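> What follows is a predicted protein model with its sequence.
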Amino acid sequence: MHPVLKSAYRPSRRNFLGLSVCGLSSLYAGSAPRAAVSSPQAKNVLVIFEQGGVSHIDTWDPKPELPAEHRSPFANIATNVPGIHFTELLKQTSVFADRLTLVRCMTQPTPGIGNSHPQGSQYVFSGEAPGGPVDMPDISSIVSLVLGNPTTHLPSNIMVPGTNEQAATSQIGFLPPAHKVFKTGGNLSDPNWTVPNLGLLGIDQAQFKDRTDLLSNLDIGVLGAAQATDAQAMKALLNQAADMLTNEATRKAFDLQSESAAVRERYGSGHRGQSYLLGRKLIEAGVRFVTVDCREPMTSWRNGEKVTYDGGSNMNWDHHDAIYSDHHTNIKNGGPGAGRYGIHTWPMMGSLDQALSALLEDLEQRGLLEETLLCFVSEFGRTPKINNRQGRDHWTHAFTFTFAGAGVPGGQIVGKTDKDGGYITSSMAYRIEDYAATIYEKLAIDRTEPIYTPADRPIFLAKDGQPIPELF
C-alpha cells in the first residue's frame, strides 16, 4: 500500500484494548510526520456541531422586520458589542460577543444535500460535499494524519459523545484506522458516566505489566530490515496503547467528577452542559481535535435528579413542527419534526446558551481560547417562513457559523442577509469547503501538498475552498 502521507500512525482510537500484533499491524504505514508550512494560529480545534439545522433567525441573525406571521417571537437584544444583536435565546452568550465572529453568509449550494441530514452532517465533518469519486475522511482524521498526536496517553481525535444518529456519518475514508475518531459514548449527565474501555477489565496493574514485558521480549532481530521496521513501529504502538490504559492522566481527562461543583453547575448539569465541559477538559489535556455532537436525551439528570422529557423522541434542531412549542412538538397531523421540544425550552436553547457561554468564559479564564479555534456549526439553517405545521423547514441559502479564539477577531459580523434572513445580500458568501480550508489554515497545514489514497490518487485538502479571510 502506498503511504497516505509520510507520517507516523497511532493506535486505534476505537478500542484502547486492541493490543494484538495482528490488530496493530494495519495501523502502521510510514515514518515521520510532515511539518506544517508556517506558524499555526491554532494549537487545537474544538467544534461544537449542533446537528439538525439550528434556526439562524431565532438565534444569531434576528429579523425583527419579518411579517408577524413569520417573525420569531423572541426579542432582539443588544450584545456587549454595539451594533451586534442576537435574540434573547442567546442572552448569556451575548455578553461574550466581543470574542466572537459571526459569519452570517454561509451557504450550501450543492444540489440534494439540503434535504439530507446524513449528507449535511458528513459535509460538515469532512468539509467536502458527499458524492464525489472518493469518500473523504473527516477533517479531524486528516488533521490527525498530518500533524500527528501531541499526547501519548490520549487520542488526537475525539467526539463527544458520538452516539447520535448522524454521528455515524463521521468516517475515516481511505485513511488507516489509527486516525478514526474515538467516540466517548454515553449520557454525560449521568453521575455514574464513564468512558468504556479505559479500564483493564479485571487485570491488575502488575498482571498487565507482566504481559507487556513478555511481549516486549519477543525477538524481532531475525526479521528483514523492512519487517523489522514495521515490527518496531508496532512495538511503539503497543507502548502507546499501554500508556493509554495505565496512565492516570488518561482517566483524569475524562473524569467529570474531578471538576468542582461550581464549574459543573456553570455549564449546566444536563447532558449538553457536561458534553461541552468534557470538550474543554479534553482540549486542556492536549487533545488536538475535539468534536462535541450532542443533544439532550429523553431521560437525563439535572441537579442530581432524573428528568424525563415526556413526548420527546429526538432532541436535535430539526424543527419542522411547532418550533415555538412550550413542550414537545407532537402536533396533530405533524411532520418530520415531531418529538423535539420547542426551540426556547431547556433541552434546546436553554441548555445551549448556558453551556456555550460557560465554555467561552472557561476557555478564556484558563488561557486556552488564545490557542484553540472554537467553531459553532450546524449543517444548514431554517426557512424564513413558518410552514403550515408551525415549524421551519431546511434552508441552505443562508445560515450562520460562529467562531472564536486562535486569532479570530472578536466583535465582528461577516456577511449580511436580507430582511427575511433568506438570502445573502453581501458581496461575500462562504461554503463549508471554506470552513474546512479555514481550519487547515489555522493549523498551518499546507493544502498545496496532497495526501494519497491507497490507489496512489492525490487528494488536495479543501480544494474548492479558501480560508475565510475575516477570521484571520
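Yep, that arrived.
> where exactly do the helices run in the stretch 351-472 of the chain?
Secondary structure of the stretch 351-472 of the chain by DSSP state H, counting those that start in this stretch: the helices cover 351-365, 432-442.
> roughly how far is the shortest one from the heart of the chain?
So the one you mean is helix 432-442. 14 Å (Cα atoms, centre = their mean, to the nearest Å).
> Check stretch 153-172 too.
8 Å.
> quick check: mean pLDDT across it?
When pLDDT is averaged over stretch 153-172, the result is 93.
> Okay, strands next: where are they in the stretch 151-300 of the chain?
Under the criterion DSSP state E, counting those that start in this stretch, the stretch 151-300 of the chain contains strands at 157-161, 182-183, 289-293, 299-302.
> sorry, back to before: so which of the helices of the stretch 351-472 of the chain is the most surrounded?
Most buried of the helices of the stretch 351-472 of the chain, by mean neighbour count (mean count of other Cβ atoms under 10 Å): helix 432-442, with a mean of 24. Using the backbone N, CA and C atoms, a C-beta is placed for each residue, glycine as well.
> For the closest residue to residue 93 other than its chain neighbours, which residues are in contact?
Residue nearest to residue 93 in three dimensions, not counting chain neighbours: residue 357, with 4.7 Å by Cβ to Cβ, 6 or more residues apart in numbering. Applying Cβ atoms under 8 Å, 6 or more residues apart in numbering to residue 357 gives the contacts 92, 93, 95, 96.
> quick one: which two of those residues are the most distant?
92 and 96 (8.3 Å; Cβ to Cβ).
> Who has more neighbours out of those two?
More crowded of residue 92 and residue 96, by other Cβ atoms under 10 Å: residue 96, with 22 against 17.
> Checking my notes, the more buried one in a helix, right?
Yes: per DSSP: H, G, I helix; E, B strand; the rest coil, residue 96 lies within a helix segment.
> pLDDT score for it?
At residue 96, pLDDT is 98.
> Taking the centroid of the protein, which residue is nearest it?
In the chain, the centroid-proximal residue (Cα atoms, centre = their mean) is residue 291; its distance is 2.2 Å.
> The closest residue to residue 107 other than its chain neighbours - how many residues pack around it?
Spatially, and ignoring its direct neighbours in sequence, residue 107 is nearest to residue 429 (5.2 Å; Cβ to Cβ, 6+ apart). Residues lying near residue 429 (other Cβ under 10 Å) number 17.
> now residue 415
Neighbour tally, residue 415, other Cβ under 10 Å: 22.
> okay, it: pLDDT?
The predicted local confidence for residue 415 is 98.
> does the residue lying closest to it once chain neighbours are set aside sit in a helix, a strand or a coil?
Leaving aside its sequence neighbours, residue 415 sits nearest to residue 105 (Cβ to Cβ, 6+ apart; 2.5 Å). Using three-state DSSP, the structure places residue 105 in strand.
> Relative to residue 421, how far out is residue 105?
Taking Cβ to Cβ, to the nearest Å as the measure, residue 105 falls 11 Å from residue 421.
> so what sits against both of these two?
residue 398.
> May I have the beta-bridge partners of the residue nearest to the centre of the chain?
residue 47, residue 159 (DSSP bridges).
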